[in-house]
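Undergrad: okay, sequence plus prediction incoming.
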Amino acid sequence: MIISITGTPGVGKTTVAKLLAEELGYEYVNLRDFAVEKGIGVEKDGELEVEVDELAYYVERDLKGKDVILDGHLSHLMPADIVIVLRAHPKIIGERLKERGYPEEKVKENVEAELVDVILVEAIEEHENVIEVDTTGKTPEEVVEEIVELLKKGTKRRVGIVD
Ligand code: DAT
């Protein structure tokens, strides 16, 4: 089973994904490293620009059928069985990205993306099995515990937009 851990940069994906993989005995795969390993994508201003469909092709080919935790902010666009969208208060995202040395424009862009649920919306457009987990005020261990509990419940919780 492929479980994607997605969310705005700085939300805690890598931290949570590694812990969750350990807890479940799954293989941890960082999507960026995976793309580099497969020789796809182009380096641009220190970022790796990849063709989403090409990346999805390799995920399907090489990871389908394995028990994998897929870490990356594009992981909800991959052929996953379950997508976990991590959330945090936009202020926290801003602080973490500033600390990470992101330029102001990039910090602002990501804070706004978190504010207007960009990744959640994309995830529910792509997948039926989406779990949204708010990490605000929780330790990574508490977040993992919450995810494990939700997975045990066999969550088939569909998230919809009410307007
Ligand atoms: P991402 O992979 O989404 O970019 P990360 O796992 O690298 O995020 O985490 C960014 C920073 O935030 C890192 O210094 C660890 C910290 N962090 C992550 N999850 C946290 C949590 N639940 N509570 C406090 N700090 C957290």
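TA: Alright, I've got the coordinates. Just so we're clear, the structure is a prediction, and the values are computed from it rather than from any experiment.
Undergrad: residues of the protein that sit close to the ligand?
TA: 7, 9-15, 96, 135, 138-140, 143 (C-beta under 6 Å from any ligand atom). Where you see a C-beta, it was placed from the backbone N, CA and C, and this is true even at glycine.
Undergrad: max pairwise distance over the residues you listed: which two?
TA: Spanning the widest gap among the residues of the chain next to the ligand are 9 and 139, at 19.8 Å by C-beta to C-beta.
Undergrad: distance check, residue 21 against residue 14.
TA: 11 Å (C-beta to C-beta, to the nearest Å).
Undergrad: let me fix that, I meant to ask about residue 112.
TA: 22 Å.
Undergrad: ok, now residue 27?
TA: 15 Å.
Undergrad: output the below-cut-off pLDDT ranges for this structure.
TA: Applying pLDDT under 70 to the chain flags the ranges 155-159.
Undergrad: if we go to 80?
TA: Within the chain, the segments meeting pLDDT under 80 span 154-161, 163.
Undergrad: nearest to the ligand: which residue in it?
TA: Closest contact between the chain and the ligand, by C-beta to the nearest ligand atom, is at residue 12 (2.8 Å).
Undergrad: is it true that that residue touches residue 133?
TA: No: counting by C-beta atoms under 8 Å, residue 133 is not a contact partner of residue 12; they are 9.8 Å apart.
Undergrad: identify the contacts common to the two.
TA: The contact sets of residue 12 and residue 133 overlap at 86, 143 (C-beta atoms under 8 Å, 6 or more residues apart in numbering).
Undergrad: out of residue 9 and residue 139, which sits in the busier spot?
TA: residue 9 (19 against 11; other C-beta atoms under 10 Å).
Undergrad: so what does that one look like in phi/psi?
TA: Dihedral pair for residue 9: phi -50, psi 140, per degrees, to the nearest 10.
Undergrad: list the contacts for it?
TA: Taking C-beta under 8 Å, 6+ apart, we find residue 9 in contact with 73, 93, 97, 102, 110.
Undergrad: what sits against the last one?
TA: In this structure, residue 110 makes contact with 8-10, 93-94, 97, 102, judged by C-beta under 8 Å, 6+ apart.
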